[in-house]
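Enquirer: Fold the stuff below for me.
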Amino acid sequence: MDIKEYYRLAKIEDSHWWYRSVHRLVIGEVIGQSTKAGPYFARPGLIRILDAGCGTGGLTEQLSGLGSTVGIDISGLALGLKPHLKARYVNGSINDLPFADKSFNLITCISVFYHRQVSDKKAAAEIFRVLKNGGKAIFIIPAFQWAFGSHDRAVHAARRYSMSSATALLKNAGFTIIKARYIFGMIFPEFVIKRFLDKIGVSNKMISDLAELPSWLNWIFELVCRFENWLAKWVKLPFGSSIYIVIEKP
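Expert: Below is the predicted model of the structure:
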């Protein structure tokens, strides 16, 4: 990412509606899965968790309350911008994870595969390698190549994905898909309008979507996302700005 984007991320990650919604979704998934039988959680406190592409560590710190957690990111700057009190952090690439085979019960990977410095096929293979048999991984992957815009340029993205291309990537790496759905669908019209303005040059600047919003608007977006996640128990939306995927290693 542009250096300025790391500073923006560190400043707003704990309060911005998008990150709060993602963190709530992921933590809820982990806690929900932990109640099921199998090796997902061998025993409370003994699970080993990897946050691959952890950025400034907002999600990593929250995951550390659920097990022994490691965050890895290619940017040493990102790793040093916020105090890290609970998890362990490693400066390294998701393309070549510096961990032994079958090291982790759970891996999270949030908006990482689409970056320029990431080979999505190598990264998927590496996550498969370091995940234990029966372990699970949670991915959030930006959706729709036609939606490539100023945010993607600012964070040095190379691509966005369709549902079919994202799931095929993970299946080809050897994973079994447990869940796959679009997210942020209820605010998708706002997302489409912004990308349209990018396309016609109205807002086509090298700046990401990591903007501080008025507190009331931030609260409304977060509330809408909470409702959407509740609704997802019964309804899958046919669109959204990101794809949410949970996989298992056989």
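Enquirer: Every contact and neighbour count from this point should use C-alpha atoms.
Expert: Noted.
Enquirer: What separation do you get for residue 214 and residue 8?
Expert: Distance, residue 214 to residue 8, by Cα to Cα, to the nearest Å: 16 Å.
Enquirer: I'd like the distance between the residue nearest the centre of the chain and residue 193.
Expert: The residue lying closest to the centre of the chain (Cα atoms, centre = their mean) is residue 110, at 1.4 Å. Using Cα to Cα, residue 110 is found at 24 Å from residue 193.
Enquirer: Ok, residue 154 next?
Expert: Computed with Cα to Cα, the distance linking residue 154 and residue 193 is 18 Å.
Enquirer: Over to residue 4?
Expert: The gap separating residue 4 from residue 193 is 25 Å, by Cα to Cα.
Enquirer: longest strand of the chain?
Expert: Using DSSP state E to define each element, the chain has its longest strand at strand 131-142.
Enquirer: Show the subsequent helix or strand relative to that one.
Expert: Downstream of strand 131-142, the first helix or strand assigned by DSSP states H and E is helix 150-154.
Enquirer: now that following helix, how far from the centre of its chain.
Expert: 17 Å (Cα atoms, centre = their mean, to the nearest Å).
Enquirer: Pull out the CA atoms of the strand or helix carrying residue 105 and give them to me as CSV.
Expert: Secondary structure assigned from DSSP H and E places residue 105 in strand 104-110. Extracted in CSV, the C-alpha atoms of strand 104-110 (Å, rounded to 0.1, in the frame of the first residue of the first chain):
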residue,chain,number,x,y,z
PHE,A,104,-2.1,-23.7,12.7
ASN,A,105,-5.6,-24.7,13.5
LEU,A,106,-7.1,-21.5,12.1
ILE,A,107,-5.9,-19.0,9.5
THR,A,108,-7.5,-15.6,8.6
CYS,A,109,-6.7,-13.8,5.5
ILE,A,110,-8.6,-10.5,5.0
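Enquirer: what residues does the longest strand of the chain touch?
Expert: Outside strand 131-142, the residues that touch it by Cα atoms under 8 Å, 6 or more residues apart in numbering are 26, 38-40, 101-114, 160-161, 166, 241-250.
Enquirer: Mind giving me the PyMOL select for those residues, buried ones only?
Expert: Buried residues within these, by 16 or more other Cα atoms under 10 Å, are selected in PyMOL with:
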select buried, resi 26+39+40+103+104+105+106+107+108+109+110+111+112+113+114+160+161+166+241+242+243+244+245+246+247+248+249
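Enquirer: how about the strands of the protein, start to end?
Expert: 48-52, 68-73, 88-91, 104-110, 131-142, 176-183, 242-248.
Enquirer: neighbouring strands for the longest one, and are they parallel or not?
Expert: Spelled out, it's strand 131-142. If you go by DSSP bridges, strand 131-142 pairs up with strand 104-110 (parallel), strand 242-248 (antiparallel).
Enquirer: Reformat those as a markdown table; add mean pLDDT.
Expert: As requested, those are exported to a markdown table (pLDDT from 0 to 100):
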| stretch | mean pLDDT |
| --- | --- |
| strand 104-110 | 96 |
| strand 242-248 | 97 |
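Enquirer: What ranges in the chain fall below the confidence cut-off?
Expert: For the chain, the stretches with pLDDT under 70 are 33-46, 199-210.
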